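Colleague: how would this look folded up:
(one chain, ligands or ions: 1)
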Amino acid sequence: LYKSKIEKDINEAEILINTFRDDVEKGLDKIEKTLPSKYFYNKKGDALFVEIMNLPEYYLTRSEFDIFKNKTEQLIEAFNIDSNSYFELIELGAGDGLKTKELLKTLDSKNYKFNYFPIDISLNALSLLEKDLNNDMPNVSVKTQQGDYFEVLNSLKQSKKPKVVLFLGSNIGNMTDEQASSFISKLGNNLQKGDKLLLGVDLIKPEAIVLPAYNDSKGVTASFNLNLLDRMNNELGANFNLNYFKHHPEYNEKTGVAKSFIKSTINQTVEIKAIGKSYSFAKDEKIHTEISRKYNDTLINQIILNANFVINNKIMDSKAYFADYILTR
Ligand code: AVJ
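Modeller: Now for the predicted structure:
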């Protein structure tokens, strides 16, 4: 198909940039402009997200870490796995492994028999994690899986081994409830009866706690959000002036929905060369860039309703900010 590896790489890079362009065009053509949050995560965005996780206001990562550090035994008990029968521990998204390491350490010390399969689209993230784990816990066998979650899960399904899937960090919160429910259904289709899904979600709580997590005093979240404009400038030949747009987060504590927007501070027009169009932004017009949904039991039950999962356990941090739900297929 390709004459060389370089040709293949170039082709794949072109496909990526074309989807970015198409997604941007689709989002900005809407009456209520939107951009998909997945485009936050380029090299600069990844680094900003690491910074976010260390912010005093961003409680999510610390809260889930508290669960993994201090409630490890409860988590493992909820997996309901015999310590001498083999199982597969699969993680959707590689991350830095900080939380998962607490779990791996305890599983290892209790002599559980398992392989750890972190799945990620980024080879770079996987190889960093693999090195780190091999160094810190040489007993744990790490089998990195590069690719799309469902493709990898489908291939792992063939083994018929008992599985525990980790989907942490309230990453599901970036989906609408409809998307979340079809995502969980698809997960279920790639698992067998009795398999577990550990779903980490941020819980609904007052605005005074949630809003600062998306509006930190150092402005890191603002840079993370506005990085989307930078990406369009760099990759699509756009001329967004970052001085005339600002980060604008909102949270509704009744519904539990946090949203991030980019707000135009003046009337202005922006050209995007790769699309061949100009877009006008009125003063105070908002581009919706992210949803960070917060949950409770009712919402989780609604989301898993048609997905063939039941809630088995709910394990929370000491402040009850965050929950790891253990769902059984
Ligand atoms: C990685 C999706 C869980 O929504 O809280 C952090 C991303 N956005 N600050 C979240 C994010 C702004 C984060 N998730």
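
Colleague: which element is the closest residue to the ligand within the chain on?
Modeller: At 3.3 Å from the ligand, Ser292 is the closest residue in the chain, using CB to the nearest ligand atom. The C-beta positions use only the backbone N, C-alpha and C, and glycine is treated the same way. Secondary structure assignment for Ser292, by DSSP states H and E: strand 286-293.

Colleague: cool, Val164 as well?
Modeller: Assigned by DSSP H and E, Val164 belongs to strand 163-167.

Colleague: and that strand with the ligand, contact?
Modeller: No - using CB under 6 Å from any ligand atom, strand 163-167 stays clear of the ligand, with a minimum separation of 10.9 Å.

Colleague: which residues touch that strand?
Modeller: Contacts with strand 163-167, where a contact means CB atoms under 8 Å, 6 or more residues apart in numbering, come from 79, 81, 87-93, 100, 153, 156, 187, 191-192, 195-200.

Colleague: Ok, stretch 25-37 next?
Modeller: Contacts of stretch 25-37 (CB under 8 Å, 6+ apart): 23-24, 174, 228, 260, 262, 272, 275, 277, 279, 285-291.

Colleague: do the same with stretch 230-240
Modeller: Residues outside stretch 230-240 that contact it (CB under 8 Å, 6+ apart) are 17, 20-21, 24, 39, 42, 44-45, 229, 242, 270-275.

Colleague: same question, stretch 200-210
Modeller: With CB under 8 Å, 6+ apart as the test, stretch 200-210 has contacts from 59-60, 63-64, 166-173, 251, 253, 256, 258, 292-296, 300, 316, 320-325.

Colleague: Filter those down to the buried ones.
Modeller: By neighbour count, with 16 or more other CB atoms under 10 Å, the contacts of stretch 200-210 hold 59-60, 63-64, 166-170, 172-173, 251, 253, 256, 258, 292-295, 300, 316, 321-325 as buried.

Colleague: Among the residues you listed, which ones are in strands?
Modeller: 166-167, 251, 258, 292-293, 316, 322-325 (DSSP state E).

Colleague: Please tell me I have it right and Lys196 contacts Asp324.
Modeller: No - judged on CB atoms under 8 Å, Lys196 makes no contact with Asp324 at a distance of 11.1 Å.

Colleague: how distant is stretch 10-23 from the center of its chain?
Modeller: For stretch 10-23, the gap between its own C-alpha mean and the chain's C-alpha mean amounts to 21 Å (CA atoms, centre = their mean, to the nearest Å).

Colleague: Same check on stretch 310-320?
Modeller: For stretch 310-320, the separation from the chain centroid amounts to 19 Å (computed by CA atoms, centre = their mean).

Colleague: check contacts around the most centrally placed residue in the chain.
Modeller: Nearest to the geometric centre of the chain sits Asn171, at 3.3 Å (CA atoms, centre = their mean). Contact analysis of Asn171 by CB under 8 Å, 6+ apart lists 92-93, 200.

Colleague: Right, I'll leave it there.
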